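Enquirer: take a look and give me a structure for this.
(one chain, ligands or ions: 2)
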Amino acid sequence: MTILTIKTQALSDQKPGTSGLRKKVKQFQKKHYLENFVQSIFSAINCPENSTLVVGGDGRYHNETAIQTILKMAAANGIKRVLVGQNGLLSTPAVSNLIRKYGCVGGIVLSASHNPGGPNGDFGIKFNASNGGPAPEAVTDAIYTISKSISEYHICDVVDVDLNAIGKTQLDDMTVEIIDPVSDYQKMMESLFDFDAIRSLFATGFTMKFDAMHAITGPYAKAIFEDCLGAREGSVINSKPLPDFGGCHPDPNPVYAKELVDHMFGDEASDFGAASDGDGDRNIILGTGIYVAPSDSLAILTANAHLAPAYKEGVCGAARSMPTSMAIDRVADKLGIPCFETPTGWKFFGNLLDAGKITICGEESAGTGSDHVREKDGVWAVLLWLNILAVTQKSVLEIITDHWNAYGRNYYSRHDYEAIDKGVAEALMSGLRSRKNTLVGTKQGDEVVATVDDFEYHDPVDGSIASKQGIRVIFESGSRIVFRLSGTGTDGATLRVYLERYQDVDSDLALETQTALEAIISAADNIAEISKLTGMSEPTVIS
Ligand code: G1P
Ligand code: ZN
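Expert: Ligands and ions are numbered 1, 2, ... in the order given. Prediction:
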């Protein structure tokens, strides 16, 4: 076999963020840029002999080009077998499932999740470990360390693989297996949920609209919701994965999933609405005329999971990322199970899931999942909702209202200030850090600040510590504001402000969210001097 060893220059900008390495496509197209990172992965993981690797992505621009390079490098680095989704397509949860099902050494996911695609958009690469989950920090740190001193990489001098042809081909000593991206995933979903009950629900005329946002979940949603469960044809919209996501932003929030939201609030609204993101790990849920806040959805799924066959024995524990609303804590309390609070990013749930400490977990950023894989899973969340609707025969609105009436309501919103100058964003955060102690006891409108801290996580499984994970301002009333900078953006910096206020069952649970949070919103600006420092009077995205 012809293995070439190519000289390269080490780089200093390949530190993985919240979820892998994300940069502009143009950056990834630079000579050796992708190769440096891929070699750093292979060198860091030190593959055992006869290893199988999974490779796939969300179909965004540069996906297939990157996959051809990765395959040639995998062969040169001694990988025995690679499973690749047809045409290079695999959703992130599907990759996680394949790694676990076939005992793989890990997987490489090509995606920048919800970030825009196309030649001027974003690209990303993420390594998932043998448990199917995003590599833990020790591994991403090792990859980064190698990327800073790498001087050469290995690649096979062979022709490209036909990614369209299902079946096996040889790339020198390595077998490449092109597989149907959907079938293993669909089988797993059938094993978790009561498909017959959901089929009966659709048979009664129940309607659904699922927005695949021109991204990876189109083929999964068509096969599962329409072909298998009997949702009427056309229930899945924007179902063809496109390299530039049709010029749209594949981020399922009320701003970017406008087509779906308009439909669900319009005269012809379906009974149930949902959307997923670029790589299929996120979800949003809507009912007729109502949007379910992701944090509420997480709490509702946890409270009702036992209605689906996979969770009928109950949930052993739950977890949420720190900025996610505390609605799920109330459910955990009632169920008498622990609720863990982790830093932002799915990788922090991995140890808890592997150790059997939790069954369900999620984040306010439209990510929910369970121990069935080690990624959040958009289609899974939609199916769990459908299973609950089928068993209870209630509408989405009834489910939410019943939930609030039982637990009270955590009014919650996230305000994003996108593309602000990095220096300004860092100054804002360091200003907050330096004022931490002086803020305690101050009056902000009607609220009094009880504590301010910089969240630090002590992993109860491996004892690792993650510090500086966001500034938490907690008021005496229990209301909270969290400030942190995004770790996934590629344009300047994004400040995320998370706002939360709890109202118990005896109070008004039907306020408009931004109205309910008004006082806390102005406290946030006062505390962090957002408008003064950024010059922005409004956030760019409210979710
Ligand atoms: C964002 C979300 C976070 C999620 C991550 C990957 O990260 O806030 O919850 O895990 O994307 O999907 P951030 O940009 O805030 O660092
Ligand atoms: Zn995603």
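
Enquirer: quick one: low-confidence parts of this protein?
Expert: Along the chain, segments meeting pLDDT under 70 span 1.

Enquirer: output the set of residues of the stretch 1-150 of the chain in proximity to ligand 2.
Expert: Ser113 (CB under 5 Å from the ion). For every residue, glycine as well, the C-beta is placed using N, CA and C.

Enquirer: I misspoke; the intended subject was the stretch 151-300 of the chain.
Expert: Asp277, Asp279, Asp281, Arg282.

Enquirer: so which bits of the stretch 51-200 of the chain are right by ligand 1?
Expert: Ser113 (CB under 6 Å from any ligand atom).

Enquirer: before we move on, the earlier item: so which pair among the residues of the stretch 151-300 of the chain next to ligand 2 is furthest apart in space?
Expert: Pairwise distances across these peak at 8.3 Å for Asp279 and Arg282 (criterion: CB to CB).

Enquirer: which one of the two is surrounded by more residues?
Expert: Comparing Asp279 with Arg282 by other CB atoms under 10 Å, the one with more neighbours is Asp279, at 33 against 28.

Enquirer: just read off the phi/psi values of that one.
Expert: phi -110, psi 10 (degrees, to the nearest 10).

Enquirer: look up how far Tyr407 lies from it.
Expert: 32 Å (CB to CB, to the nearest Å).

Enquirer: could you do Asn351 as well?
Expert: 28 Å.

Enquirer: next one: Gly132
Expert: For Gly132 relative to Tyr407 (CB to CB), the value is 32 Å.

Enquirer: these two: who's more crowded?
Expert: Gly132 (25 against 22).

Enquirer: that one in helix, strand or coil?
Expert: Secondary structure of Gly132, reduced to three states by DSSP: H, G, I helix; E, B strand; the rest coil: coil.

Enquirer: that one touches Ser96, doesn't it?
Expert: Yes. If you go by CB atoms under 8 Å, Gly132 and Ser96 touch, sitting 3.9 Å apart.

Enquirer: overlap of the contact sets of the two?
Expert: Gly107, Val373, Arg374, Glu375 (CB atoms under 8 Å, 6 or more residues apart in numbering).

Enquirer: residues near the residue nearest to the third one when sequence neighbours are not counted, how many?
Expert: Which is Arg374. In this structure, Arg374 finds its nearest non-sequential neighbour in Gly133, 3.0 Å apart by CB to CB, 6 or more residues apart in numbering. By other CB under 10 Å, the residues close to Gly133 number 25.

Enquirer: cool, Cys47 as well?
Expert: So Cys47, with other CB under 10 Å, has 18 neighbours.

Enquirer: now Ala303
Expert: Residues near Ala303, counting by other CB under 10 Å: 25.

Enquirer: over to it. Which of the three states is it?
Expert: helix.

Enquirer: that one touches Val331, doesn't it?
Expert: Yes. Ala303 lies in contact with Val331 (CB under 8 Å); the separation is 4.6 Å.

Enquirer: shared neighbours, the two?
Expert: Tyr407.

Enquirer: what residue in the protein comes nearest to ligand 2?
Expert: Ser113 (3.2 Å; CB to the ion).

Enquirer: so which bits of the stretch 301-450 of the chain are right by ligand 1?
Expert: So the stretch 301-450 of the chain meets ligand 1 at Ser321, Thr344, Gly345, Trp346, Glu363, Ser365, Gly367 (CB under 6 Å from any ligand atom).

Enquirer: by contact count, what packs against the helix or strand hosting Thr145?
Expert: Here Thr145 is covered by helix 137-147, with elements defined by DSSP states H and E. For helix 137-147, the packing partners by 3 or more CB pairs under 8 Å, 6 or more residues apart in numbering; DSSP states H and E come out as helix 33-45, strand 122-128.

Enquirer: ok, and what's touching that helix?
Expert: 10-11, 14-16, 36-37, 39-41, 43-45, 127, 129, 135, 347, 464, 466.

Enquirer: distance check, His249 against Asp281.
Expert: 16 Å.

Enquirer: so between these two, which is more surrounded?
Expert: Asp281 (34 against 19).

Enquirer: OK, contacts around the more buried one?
Expert: Neighbours of Asp281 in contact, by CB under 8 Å, 6+ apart: Ser91, Thr92, Pro93, Ser113, Trp346, Gly367, Gly369, Glu375, Lys376, Asp377, Gly378.

Enquirer: how far away from the center of its chain is stretch 163-178?
Expert: 30 Å (CA atoms, centre = their mean, to the nearest Å).

Enquirer: next one: stretch 529-541
Expert: 26 Å.

Enquirer: just stretch 356-363 next, same as before
Expert: Counting by CA atoms, centre = their mean, stretch 356-363 comes out at 14 Å from the chain centroid.

Enquirer: now swap in stretch 493-503 and tell me
Expert: For stretch 493-503, the distance to the chain centre is 18 Å (CA atoms, centre = their mean).

Enquirer: which other residues reach the top helix by length along the chain?
Expert: Longest helix in the chain by number of residues (criterion: DSSP state H): helix 422-439. Applying CB under 8 Å, 6+ apart, the contact partners of helix 422-439 are 449, 452-454, 471, 473, 483-485, 492-495, 527-530, 533-534.

Enquirer: one more: stretch 350-361?
Expert: Residues contacting stretch 350-361 (CB under 8 Å, 6+ apart): 129, 131, 133-134, 136, 298, 301-302, 305, 311, 314-320, 338, 340, 342, 349, 368-371, 374, 459-462.

Enquirer: go again using 7 Å as the cut-off
Expert: 131, 133-134, 136, 301-302, 305, 311, 315-320, 340, 349, 369-371, 374, 459, 461-462 (CB atoms under 7 Å, 6 or more residues apart in numbering).

Enquirer: also stretch 65-81?
Expert: Contacts of stretch 65-81 with the rest of the structure, by CB under 7 Å, 6+ apart, involve 3, 28, 34-35, 38-39, 42, 47, 50-53, 55, 57, 82, 84, 88, 108, 110, 153-156, 158, 160-161, 163, 171-177.

Enquirer: of the residues you listed, just the buried ones, PyMOL syntax please.
Expert: Of these, the buried ones go into a single PyMOL selection, burial set by 16 or more other CB atoms under 10 Å:
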select buried, resi 3+28+34+35+38+39+42+47+51+52+53+55+57+82+84+88+108+110+153+154+155+156+158+161+163+171+174+175+176
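
Enquirer: so which of the contacts of stretch 65-81 are in helices?
Expert: Reading helices off those with DSSP H, I get Phe28, Leu34, Glu35, Val38, Gln39, Phe42.

Enquirer: quick check: the gap between the fourth one and Ser12.
Expert: In this case it means Val38. From Val38 to Ser12 the distance is 17 Å (CB to CB).

Enquirer: how near is Gly85 to ligand 1?
Expert: 20 Å (CB to the nearest ligand atom, to the nearest Å).

Enquirer: give me the number of residues near that residue?
Expert: So Gly85, with other CB under 10 Å, has 26 neighbours.

Enquirer: so who does it touch?
Expert: Gly85 touches Gly56, Ile179, Pro181, counting by CB under 7 Å, 6+ apart.

Enquirer: now do 10 Å
Expert: 54-57, 59, 67, 91, 94-95, 98, 163, 178-182, 185, 216, 219 (CB atoms under 10 Å, 6 or more residues apart in numbering).

Enquirer: quick one: the longest helix of the chain to chain centroid distance?
Expert: 27 Å.

Enquirer: after it, next one along is what?
Expert: strand 443-444.

Enquirer: what's the closest residue to Thr488 other than its chain neighbours sitting at in phi/psi?
Expert: Closest residue to Thr488 apart from its sequence neighbours, by CB to CB, 6+ apart: Thr18 at 4.9 Å. As for Thr18, its main-chain torsions (degrees, to the nearest 10) stand at phi -50, psi -30.

Enquirer: burial check on Arg232, number of neighbours?
Expert: There are 13 residues near Arg232, going by other CB under 10 Å.

Enquirer: can you tell me the closest non-neighbouring residue to it?
Expert: Of all residues apart from its sequence neighbours, Thr207 sits closest to Arg232 (CB to CB, 6+ apart), at 6.9 Å.
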